[in-house]
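Trainee: using only what follows, build the 3D model:
(one chain, ligands or ions: 2)
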Amino acid sequence: MKTSIATVTLAGELPEKLSAIAAAGFDGIEIFEQDFIAYDGTPREVGQHVRDHGLDIMLFQPFRDFEGLPEPERTRAFERAKCKFDVMGELGVDLMLVCSSLHPKVIGGIDRAADDLHALGELASQHGVRIGYEALAWGAYVNDHRDAWEIVRRADHDHVGLIVDSFHTLGRSLSPDSIRSIPGDKIFFVQLADAPLITMDLLYWSRHFRNMPGEGDLDVTAFMRAVMATGYNGPISLEIFNDSFRGGNPDMIARDGYRSLRAIMDDVHRSEPITCMPLPAMPPRPIIQGVEFVEFAASQTGADTLAAILLPMGFTRAVHKNNQNIILFQQGDTRIIVNTSHHDSAALADGAKVCDIGLHIDNADNAITRAKELRVPLFTSPLLSGELSLPAIQSVGGTIIHFIEADSKHQIKWHDDFIACSPAEPEDCNITGIDHLALSMPYSDMLSWSLFYTSLFEVQKHPIVDVIDPAGVIRSQVIESSDKSFRLTLNGSDTNRTLAGYFVESNAGSAVQHIALTTSDIFSIAEKLAGTGFETLAIPANYYDDIRARFGFDETALSAIKQFNILYDEDENGAFYQLYSVPYGDGFFFEIIQRVDGYQGYGAANAPYRTAALKRVLSQKNAPAR
Ligand code: MG
Ligand code: MG
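Mentor: Numbering: from 1, shown residues only. Ligands and ions are numbered 1, 2, ... in the order given. Next up, the predicted model:
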């Protein structure tokens with residue numbers, strides 16, 4: 001079984017696309033006519049160029065509006081097909097996709113279509129090629145793979161088979177299970193695409209919003225399970241029309257494509273073992289059990305700023321025994337490392353950037369094997385001052401993720417490696433852990449990020465929600481482990497005028513913009529922070545008038561949260577309290593939260609208000625310098 005991707009999925013000129021596809025690990029391509037019509041070279045040269053990249057051309061497409069035509073259009077359609085078969089011979093491809101007709105003159109009728117396909121199969125066999133018939137979800141008469149199969153069955157020709165495409169089946173909410181009764185050798189080709197669930201015109205949805213399997217909301221795994229149950233042994237190909245992919249980085253999109261295909265085939269194999277698995281099986285997704293530490297690369301100014309935030313919150317300070325530029329701030333099992341000895345620390349003149357994250361994981365070896373199979377770059381340079389080397393990978397934005405496993409060699413001996421500074425025992429502020437990390441990124445990178453986490457780890461993603469920033473829309477998506485010991489929010493922005501966009505641009509890429517710490521007593525910590533070096537974000541009075549109206553707060557309860565600039569939310573389970581620091585440097589900040597009675601959200605209702613408040617402070621801070 002071979003892997004393939006349609007050239008139309010990627011941005012760039014044909015040579016650029018081919019390099020990206022070959023580098024990502026695909027065996028071949030589906031070639032779109034427009035791709036090589038625009039290319040300066042004969043079809044024969046194009047074919048050679050593709051093979052020079054070590055790729056096969058597995059499908060030529062599309063051939064439209066063929067079946068069910070009256071004369072003279074019918075004869076013309078056969079003439080057109082003959083020309084295409086000649087081009088295919090030059091290119092060196094033996095399969096053409098014929099999609100169901102939208103021709104204004106098309107006449108319905110299963111037998112008429114079957115007769116036309118039989119005749120086309122005859123013509124194809126004379127040219128040494130085959131044809132695959134696909135039901136477009138918006139085809140005039142044929143828009144269901146069951147009807148397309150019936151036409152192929154009645155055409156009854158060795159050179160005529162079926163092409164199934166997950167989008168056309170799942171996009172119309174058809175059950176893929178009817179595919180199970182089709183003989184696998186009559187399915188000539190399989191195309192995969194996912195899409196976000198948005199109610200809109202099918203054609204428009206398909207041409208602009210498709211994405212990689214696992215990136216959207218369609219059950220592509222169930223579709224592929226049904227296909228594999230037929231005994232299908234042909235190529236599996238990604239055919240993705242997506243506006244942002246077509247404007248994106250072809251290398252990154254091709255890598256994502258390979259990763260998604262690799263992960264979905266493994267999921268299929270895991271649920272319904274495949275006899276002819278195209279690639280070796282992977283270990284199961286490792287389970288993230290929490291965050292062991294977060295490390296900042298910081299300039300001296302950034303390090304001082306972080307100390308002024310963390311010490312008032314009750315973190316102790318310890319210095320690495322071999323490198324006094326590495327400081328550990330710790331409270332219980334919450335650990336934040338501030339490292340001024342990174343090679344790029346000096347460049348962070350204005351502050352600090354999260355460079356490394358340590359994750360507790362149930363099986364680090366599995367995580368590394370799976371990362372390798374998904375072509376995630378591994379990272380081998382040792383951690384901290386060099387003695388310790390944990391298994392690690394590089395995430396999409398460049399942040400290094402280290403794996404720590406309980407009761408194994410993959411552990412950090414915090415007590416042995418760090419020497420406490422005085423005062424050793426500050427006032428306990430009830431910080432009990434890291435609730436979530438919030439990452440900011442260009443909107444175009446969001447799918448790559450979510451695919452990275454969902455393909456590699458046992459996590460669930462939530463639907464994307466819009467958060468209104470005064471200067472634009474932020475798209476926000478939650479990724480969580482099932483026991484919620486690991487929570488992440490991805491925040492994508494289109495413009496550098498938003499808080500997230502400004503941070504991404506200043507930081508030159510995607511990174512952690514805020515860390516949310518959990519407390520068991522928000523009022524106690526708020527009281528302790530007042531008058532310390534920790535600057536709490538001021539929330540406007542209007543916000544509290546709204547809270548009183550929405551949640552029926554009495555004066556006492558309202559003044560308690562208002563006094564400390566605490567934000568409030570509720571869901572069907574419980575209550576949520578949030579407190580923010582002001583932003584530092586390029587817009588990094590801390591959040592302190594308390595979840596009461598199993599509140600599950602992230603205070604999305606409050607996001608526009610705190611975003612506006614953070615931006616006000618940031619622009620005041622930066623005003624003199626700009
Ligand atoms: Mg298709
Ligand atoms: Mg947050």
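
Trainee: which helix or strand contains the residue nearest to Pro283 when sequence neighbours are not counted?
Mentor: Nearest residue to Pro283, sequence neighbours excluded (Cβ to Cβ, 6 or more residues apart in numbering): Asn366, at 3.8 Å. All C-beta spots, glycine's among them, are computed from the backbone N, C-alpha and C. Using DSSP states H and E, Asn366 maps to helix 364-373.

Trainee: please apply the same query to Ser237.
Mentor: Counting by DSSP H and E, the element that carries Ser237 is strand 236-238.

Trainee: quick one: Ser271 and Arg225 touch, right?
Mentor: Yes: assessed by Cβ atoms under 8 Å, Ser271 is found in contact with Arg225 at 6.3 Å.

Trainee: what about the two, which has more around it?
Mentor: With neighbours defined as other Cβ atoms under 10 Å, Ser271 and Arg225 compare such that Arg225 has more, 21 against 12.

Trainee: report all helices and strands that the helix or strand that contains that one contacts.
Mentor: Element membership for Arg225 (DSSP H and E) is helix 220-229. Packing contacts for helix 220-229, counted by 3 or more Cβ pairs under 8 Å, 6 or more residues apart in numbering; DSSP states H and E, involve helix 166-170, strand 187-192, helix 250-271.

Trainee: make a markdown table out of the ones you listed and add distance to ligand 1.
Mentor: Formatted as a markdown table, those follow (distance: least, Cβ to the ion, whole Å):
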| stretch | distance to ligand 1 |
| --- | --- |
| helix 166-170 | 6 |
| strand 187-192 | 4 |
| helix 250-271 | 15 |
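
Trainee: now the ones you listed in a markdown table, with distance to Asp483 and mean pLDDT?
Mentor: Output for the helices and strands packed on helix 220-229, formatted as a markdown table (distance: least, Cβ to Cβ, whole Å; pLDDT from 0 to 100):
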| stretch | distance to Asp483 | mean pLDDT |
| --- | --- | --- |
| helix 166-170 | 30 | 96 |
| strand 187-192 | 31 | 98 |
| helix 250-271 | 21 | 93 |
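
Trainee: need the ones you listed in a markdown table (columns: distance to Phe60).
Mentor: What follows is these, written out as a markdown table (distance: least, Cβ to Cβ, whole Å):
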| stretch | distance to Phe60 |
| --- | --- |
| helix 166-170 | 19 |
| strand 187-192 | 11 |
| helix 250-271 | 20 |
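
Trainee: how about those, which one is nearest ligand 2?
Mentor: Evaluated over these, closeness to ligand 2 peaks at helix 250-271, with 26.1 Å, by Cβ to the ion.

Trainee: next, the angle helix 220-229 makes with that closest one.
Mentor: Interaxial angle of helix 250-271 relative to helix 220-229 (axes from the mean of the first three to the mean of the last three Cα atoms, to 10 degrees): 60 degrees.

Trainee: and helix 250-271, how far from the chain's centre?
Mentor: 12 Å (Cα atoms, centre = their mean, to the nearest Å).

Trainee: buried ones in that helix?
Mentor: Within helix 250-271, the residues scored as buried using 16 or more other Cβ atoms under 10 Å are 250-269.

Trainee: now the helix or strand that comes right after it and helix 364-373, what's the angle there?
Mentor: Remark: after helix 250-271, the chain's next helix or strand is strand 288-298, criterion DSSP H and E. In terms of direction (the same axes, to 10 degrees), strand 288-298 departs from helix 364-373 by 70 degrees.

Trainee: neighbouring strands of strand 288-298 in the sheet, and parallel or not?
Mentor: Strand 288-298 pairs in its sheet with strand 334-339 (parallel), strand 352-361 (antiparallel), by DSSP bridges.

Trainee: closest to His208 out of these?
Mentor: Minimum separation from His208 across those (Cβ to Cβ) falls at strand 352-361, 34.0 Å.

Trainee: what comes up buried for that closest one?
Mentor: Residues of strand 352-361 classed as buried by neighbour count (16+ other Cβ under 10 Å): Ala352, Lys353, Val354, Cys355, Asp356, Ile357, Gly358, Leu359, His360, Ile361.

Trainee: what residues does the stretch 401-550 of the chain put near ligand 2?
Mentor: Residues of the stretch 401-550 of the chain found near ligand 2 (Cβ under 5 Å from the ion) are Ala438, Ala516.

Trainee: run through the stretch 401-550 of the chain and note the low-pLDDT ranges.
Mentor: Scanning the stretch 401-550 of the chain for pLDDT under 70 picks out 422-426, 508.

Trainee: now do the same for Gln48: helix, strand or coil?
Mentor: Secondary structure assignment for Gln48 (DSSP: H, G, I helix; E, B strand; the rest coil): helix.

Trainee: and it, how far is that from ligand 1?
Mentor: 26 Å (Cβ to the ion, to the nearest Å).

Trainee: kindly report the same for Glu71.
Mentor: According to Cβ to the ion, Glu71 stands 29 Å off from ligand 1.

Trainee: quick check: closest non-adjacent residue to the residue most central in space within the chain.
Mentor: The chain has Ser450 as the residue nearest its centroid, 2.5 Å off, counting by Cα atoms, centre = their mean. What sits nearest to Ser450 in space, not counting adjacent residues and going by Cβ to Cβ, 6+ apart, is Lys461, at 5.4 Å.

Trainee: part of a helix, is Thr432?
Mentor: No: read with three-state DSSP, Thr432 is strand and lies in no helix.

Trainee: neighbours of it, how many?
Mentor: Other residues near Thr432 number 16, with proximity taken as other Cβ under 10 Å.

Trainee: same check on Lys484?
Mentor: Neighbour number of Lys484 under other Cβ under 10 Å is 13.

Trainee: cool, Asp545 as well?
Mentor: Asp545 is flanked by 12 other residues according to other Cβ under 10 Å.

Trainee: return the set of buried residues in stretch 86-95.
Mentor: Val87, Met88, Gly89, Leu91, Val93, Asp94, Leu95.

Trainee: so what pairs up with the residue nearest to Ser450 in the strands?
Mentor: Beta-bridge partners, per DSSP bridges, of Lys461: Ile479.

Trainee: again, but for Gly132
Mentor: Bridge pairing for Gly132 - DSSP bridges - gives Leu97, Gly161.

Trainee: tell me if I'm right that it and Asp94 touch.
Mentor: No: at 10.7 Å, Gly132 and Asp94 do not qualify as touching, with contact defined as Cβ under 8 Å.

Trainee: mind listing what Glu458 touches?
Mentor: The contact partners of Glu458, taken as Cβ atoms under 8 Å, 6 or more residues apart in numbering, are Pro284, Arg285, Pro286, Ile287, Ile288, Ser481, Ser482.

Trainee: please redo it, this time with the cut-off set to 6 Å
Mentor: Going by Cβ atoms under 6 Å, 6 or more residues apart in numbering, Glu458 touches Arg285, Ile287.

Trainee: swap in the one 4 residues further on?
Mentor: Listed by Cβ under 6 Å, 6+ apart, the contact set of His462 reads Val478.

Trainee: now it: phi and psi?
Mentor: phi -100, psi 160 (degrees, to the nearest 10).

Trainee: what's the answer for Asn363, then?
Mentor: According to degrees, to the nearest 10, the main-chain angles of Asn363 amount to phi -150, psi 100.

Trainee: okay, now it: neighbour count?
Mentor: Look at Asn363: counted by other Cβ under 10 Å, it has 18 neighbours.
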